[in-house]
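A.B. asks: Here's my sequence, what's the structure:
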Amino acid sequence: MDTLCSRMLPCLAFAPLLALADPLPTTHEFLLDNGLKVIVREDHRAPLVTSQLWFNVGSADEAPGQTGLSHALEHMLYKGSSKTCPGEASAILESLGASENAFTSKDVTAYHQTLPKPYLGVAFELMADMISTAHLKPEDFASEISVIQEERRLNVEDSSLDTAMERLETLAYPSSSYRTPVIGWMNDLHGLNTIQLRDWYESRYAPGNATLVVVGDVTLDYVQPLAQRYFGGLASRPFPQAVKPRELSEPGERRITLNQPVPAPELIMAFNVPSLATAETYQTAHALRLIEMLLAGSQSARLQKRLLHHEHMLSHVDASYDLYSRGDTLLILRTRLDNSHSASPDEAQSRVWDLLEELRTTPPPIDELERARTQLIARSFFARDSIDSTAQHLAALESIGLSWQLLDQEIAELKSVTPEDIRQTAEKYLIRERLSTAHVLMEKKHG
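C.D. replies: From the prediction side, this is the model:
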């Protein structure tokens with residue numbers, strides 16, 4: 001039942017979040033002589049600590065013909081080094097009760113471990129050895145590249161929507177290296193070798209090209225000697241500056257149509273927009289975050305409310321915007337058509353465009369904006385409840401050339417966005433000249 005109290009509850013429940021009365025957490029930063037930047041944030045709620053080492057290298061830095069190189073190197077670092085046999089580093093950490101993993105993105109390659117505080121030095125020692133003395137043996141790579149190729153088949157080529165997104169990005173980034181898939185193109189994976197891996201490793205895995213973030217039950221006096229002991233001896237060496245992929249201001253409208261074995265047609269719309277690192281003002285980037293929320297960020301968002309619940313044209317809606325991209329990025333709207341409705345992707349796109357036009361011409365009502373803002377602030381607060389997530393946000397800011405301190409200013413920036421800021425941002429960026437569209441149609445069965 002939609003009573004007055006039930007309508008007010010979300011705002012009242014999150015009112016303390018908007019007040020931001022709690023003091024900022026204690027955070028330190030220092031630089032080792034070899035160029036490695038270290039950030040330490042204290043969080044003494046549990047005797048745990050997360051350590052994340054982010055290198056400023058990803059698929060956006062790869063040359064044509066060598067795509068997938070960064071991701072392949074991430075895999076190979078666990079195949080042995082001067083102190084460990086293949087898989088031994090992970091086994092040691094697991095025996096200490098740690099959770100650990102690694103990932104590669106378009107901008108970065110990162111290695112992270114969360115474990116009891118007394119074993120932080122062990123994590124540092126293993127990580128410092130892996131990033132400086134990895135074996136990268138041809139016989140190990142021969143088996144590992146087969147694993148990566150199978151990963152691509154399963155996660156991209158056998159997934160209709162992931163295939164659609166990969167193809168759409170090749171259109172959406174006409175002048176940006178973000179068109180390169182993180183896992184690489186299959187033809188390139190067949191050609192990669194350990195000579196290329198070694199060159200990439202020695203040129204990109206320099207201490208000055210990385211940020212070490214430590215969050216948890218620690219102090220500066222505890223972390224700094226350990227960082228100096230295990231990372232301070234790594235040699236300083238030159239490295240290429242990370243590229244900042246920029247896109248054309250108005251690339252022109254682009255469209256791709258795919259026939260895939262999907263249960264219902266899909267419509268994906270991607271707009272070329274700036275990230276926090278490339279926007280003219282930070283406020284612009286935060287306005288784009290709020291636009292994402294207003295359009296598709298909750299069950300009360302415009303696309304869900306009108307096209308899913310009211311008109312039943314769509315059966316699913318979501319949106320994404322990468323705030324922490326090193327270069328220009330995309331605001332993406334993904335929708336699935338409702339098979340019980342006779343609309344085509346073209347008709348659905350026309351209705352979505354009607355809602356975008358409303359946002360471009362009319363500032364959102366203040367209560368609608370406040371609801372979206374409150375939901376976004378709540379989401380940010382809950383994410384920071386995890387030391388892993390906090391470390392990831394701090395490292396992401398540093399990896400795109402900004403300061404970790406912006407994380408502590410995020411709520412104030414979100415609160416400063418006005419309805420007219422939303423309208424102006426939509427008017428500038430949600431235009432056809434910045435739009436790439438994928439129509440994913442149901443594959444017709446033969447015979």
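A.B. asks: For the rest of this, base every contact and every neighbour count on C-alpha atoms.
C.D. replies: Noted.
A.B. asks: Which residue ranges of the stretch 51-200 of the chain form strands?
C.D. replies: Under the criterion DSSP state E, counting those that start in this stretch, the stretch 51-200 of the chain contains strands at 99-104, 109-116.
A.B. asks: is it possible to export these to JSON lines including mean pLDDT, mean neighbour count and distance to L407?
C.D. replies: Output for those, formatted as JSON lines (pLDDT from 0 to 100; neighbours: other C-alpha atoms under 10 Å; distance: least, C-alpha to C-alpha, whole Å):
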{"stretch": "strand 99-104", "mean pLDDT": "98", "mean neighbour count": "16", "distance to L407": "22"}
{"stretch": "strand 109-116", "mean pLDDT": "98", "mean neighbour count": "21", "distance to L407": "19"}
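A.B. asks: want to throw those strands into JSON lines with distance to P245?
C.D. replies: Compiled in JSON lines, the strands of the stretch 51-200 of the chain are given as follows (distance: least, C-alpha to C-alpha, whole Å):
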{"stretch": "strand 99-104", "distance to P245": "17"}
{"stretch": "strand 109-116", "distance to P245": "17"}
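A.B. asks: Nearest approach to K79 belongs to which of those?
C.D. replies: strand 99-104 (13.5 Å; C-alpha to C-alpha).
A.B. asks: how far off strand 109-116 does that closest one point, in degrees?
C.D. replies: With axes from the mean of the first three to the mean of the last three C-alpha atoms, to 10 degrees as the basis, strand 99-104 and strand 109-116 are set at 170 degrees to each other.
A.B. asks: residues in contact with strand 99-104?
C.D. replies: Strand 99-104 has contacts (C-alpha atoms under 8 Å, 6 or more residues apart in numbering) with 58-59, 70-71, 74, 90, 93-94, 109-115, 182.
A.B. asks: picking up where we left off before, out of the strands of the stretch 51-200 of the chain, which is closest to L430?
C.D. replies: Using C-alpha to C-alpha as the measure, strand 99-104 is the one of the strands of the stretch 51-200 of the chain that comes nearest L430, at 29.3 Å.
A.B. asks: partners of that closest one in the sheet?
C.D. replies: In the sheet, strand 99-104 lines up against strand 109-116 (antiparallel) (DSSP bridges).
A.B. asks: Now do the strand it pairs with: distance to the chain's middle.
C.D. replies: Here strand 109-116 is found 17 Å from its chain centre; the criterion is C-alpha atoms, centre = their mean, to the nearest Å.
A.B. asks: Among the strands of the stretch 51-200 of the chain, which comes closest to A172?
C.D. replies: Comparing the strands of the stretch 51-200 of the chain against A172 with C-alpha to C-alpha, the closest turns out to be strand 99-104 (20.8 Å).
A.B. asks: residues contacting V38?
C.D. replies: E29, F30, L31, L32, T211, L212, V213, V214.
A.B. asks: which residues does the third one contact?
C.D. replies: Looking back up the chat, that one is L31. L31 makes contacts with K37, V38, as judged by C-alpha under 8 Å, 6+ apart.
A.B. asks: which phi and psi does it have?
C.D. replies: Note on L31: backbone dihedrals following degrees, to the nearest 10 are phi -120, psi 130.
A.B. asks: how close does it sit to A242?
C.D. replies: The gap separating L31 from A242 is 19 Å, by C-alpha to C-alpha, to the nearest Å.
A.B. asks: Same check on the second one?
C.D. replies: As for F30, its distance to A242 is 21 Å (criterion: C-alpha to C-alpha).
A.B. asks: These two: who's more crowded?
C.D. replies: Legend: neighbour count by other C-alpha atoms under 10 Å for F30 and A242, higher for A242 (20 against 13).
A.B. asks: Looks to me like the more buried one is in a helix.
C.D. replies: No: looking at A242 with DSSP: H, G, I helix; E, B strand; the rest coil, it is coil, so not inside a helix.
A.B. asks: Provide the backbone phi and psi angles at the closest residue to it other than its chain neighbours.
C.D. replies: Ranked by C-alpha to C-alpha, 6 or more residues apart in numbering and with sequence neighbours excluded, the top spatial neighbour of A242 is N56, at 6.4 Å. Dihedral angles of N56 (phi, psi; degrees, to the nearest 10) stand at phi -80, psi 70.
A.B. asks: My read is that N56 contacts T109, right?
C.D. replies: Yes: using C-alpha atoms under 8 Å, N56 is in contact with T109, at 6.8 Å.
A.B. asks: what's the residue closest to the geometric middle of the chain?
C.D. replies: Residue closest to the average C-alpha location in the chain (C-alpha atoms, centre = their mean): D322, at 5.8 Å.
A.B. asks: who touches it in this structure?
C.D. replies: Neighbouring residues of D322 by C-alpha under 8 Å, 6+ apart: S275, T329, L330, L331.
A.B. asks: what about it, distance to L331?
C.D. replies: Taking C-alpha to C-alpha as the measure, D322 and L331 are separated by 8 Å.
A.B. asks: now K415
C.D. replies: Applying C-alpha to C-alpha to K415 and L331 gives a distance of 21 Å.
A.B. asks: what's the answer for W353, then?
C.D. replies: From W353 across to L331, the span is 14 Å (C-alpha to C-alpha).
A.B. asks: Check Q299 too.
C.D. replies: In this view, Q299 and L331 are 19 Å apart by C-alpha to C-alpha.
A.B. asks: quick one: which of the two has more around it?
C.D. replies: Neighbour comparison, Q299 and L331: the larger count goes to L331, with 23 against 13 (by other C-alpha under 10 Å).
A.B. asks: quick one: what helix or strand has that one in it?
C.D. replies: Per DSSP states H and E: L331 is located in strand 329-337.
A.B. asks: Report the buried residues of that strand.
C.D. replies: Neighbour-count burial for strand 329-337 flags T329, L330, L331, I332, L333, R334, T335, R336, L337 (criterion: 16 or more other C-alpha atoms under 10 Å).
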